[in-house]
Structures are given as C-alpha cells and as structure tokens.
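# Provided below are the primary sequence and the corresponding predicted coordinates.
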Amino acid sequence: QVQLVESGGGLVQAGDSLRLSCAASKRASVSYDMAWFRQAPGKERDHVAAITVGGGSTYYSDSVKGRFTISSDNAKSTVYLQMNSLKPEDTAVYYCAAKEPSFFSHLGDRGRYRYWGQGTQVTVSS
C-alpha cells in the first residue's frame, strides 16, 4: 500500500504562485507514475499534470500548460506541483495520485491511478 500526503495548499490572489508537495511512501516516485488531479465543487476530478516513473517525462492538461510545472525529488520520494500565474478557475481540491507505469497515453486517465492522497485545498481569489 502506497501512502500519499499532500501539502502546500492555501488561499492566494490571482497572479500569485503556490507549490504543492506530495510525500510518497515506499519510494513511490521511483516505482510509479505520479500525477496531480483537481476537483472543483460540483465538477469531476480532472487531470492537471503527470510525471513518469523516475521523472523521465511530463504531461500537462491544456488548461495549465505553461503555468504549472510538475517535478520529482526521488531521494525524498516527493512530487511537486509549482503553480504560477494562478487564476480563480484554478480553485479546487488538488489530489496526488500514483499508478503502475504503463503507456504515456495513460497518464491523464484518472481510472488508471490506484493510490490517492487526501487532497489539499487551493483557493484563488480575484
């Protein structure tokens, strides 16, 4: 069982930056593909960014491309999401997730992720 613990959420203003962290047990970042998803009230949980096992490749949703950056520190088994130029529409609960490595095209597929964190709230005011 992989444990994922997110941190770093908070209340910020539009245009500000935040960095989310996901601490993973059992060196998950070197064994699993890792990703961030987010869920706004009344909406589905959507993919934000993903990074392949060991940090080899990254994948972003169009809505955050150029503003968000996913990275991993394998020594700390921690995955980060650097969020810049935040917008009110980025407001959501952000979840860290892990899955067994597979095809690159699977990175954005929520159903393939087996392990999930408890989520951290990000609120962006206008």
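Looks like it came in fine.

# and the most centrally placed residue in the chain, what are its bridge partners?
Nearest to the mean C-alpha position of the chain, counting by CA atoms, centre = their mean, stands residue 36 at 1.9 Å. When bridges are called by DSSP bridges, residue 36 pairs up with residue 49, residue 96.

# my guess is it meets residue 93, correct?
No. Counting by CB atoms under 8 Å, residue 36 stays clear of residue 93, with 11.0 Å between them. Using the backbone N, CA and C atoms, a C-beta is placed for each residue, glycine as well.

# How many neighbouring residues does residue 7 have?
By the measure other CB atoms under 10 Å, the count of residues near residue 7 is 14.

# so who does the nearest residue to it once chain neighbours are set aside touch?
Of all residues not flanking residue 7 in the chain, residue 21 sits nearest, at 5.0 Å (CB to CB, 6 or more residues apart in numbering). With contact set as CB atoms under 8 Å, 6 or more residues apart in numbering, residue 21 has these partners: 6-8, 78-80.

# how much space between the residue nearest to residue 99 when sequence neighbours are not counted and residue 22?
In this structure, residue 99 finds its nearest non-sequential neighbour in residue 113, 4.4 Å apart by CB to CB, 6+ apart. As judged by CB to CB, to the nearest Å, residue 113 and residue 22 stand 12 Å apart.

# between those two, which one's more packed in?
residue 22 (28 against 23).

# Spit out the contact partners of residue 5.
Taking CB under 8 Å, 6+ apart as the criterion, residue 5 is in contact with 22-23, 96, 117-118.

# Which of the residues you listed sits closest to residue 71?
residue 22 (10.9 Å; CB to CB).

# Is the closest one in contact with residue 94, as I believe?
No. Contact criterion CB under 8 Å: residue 22 and residue 94 do not qualify, at 9.2 Å.

# shared neighbours of the two, anything?
6, 36, 81.

# Look at the last one and report its pLDDT.
In this model, residue 81 is scored at 98, pLDDT.

# Now it: closest residue in space, sequence neighbours ignored.
Using CB to CB, 6+ apart, the closest residue to residue 81 is residue 20 (4.3 Å).

# what about residue 29, which SS state?
helix (DSSP: H, G, I helix; E, B strand; the rest coil).
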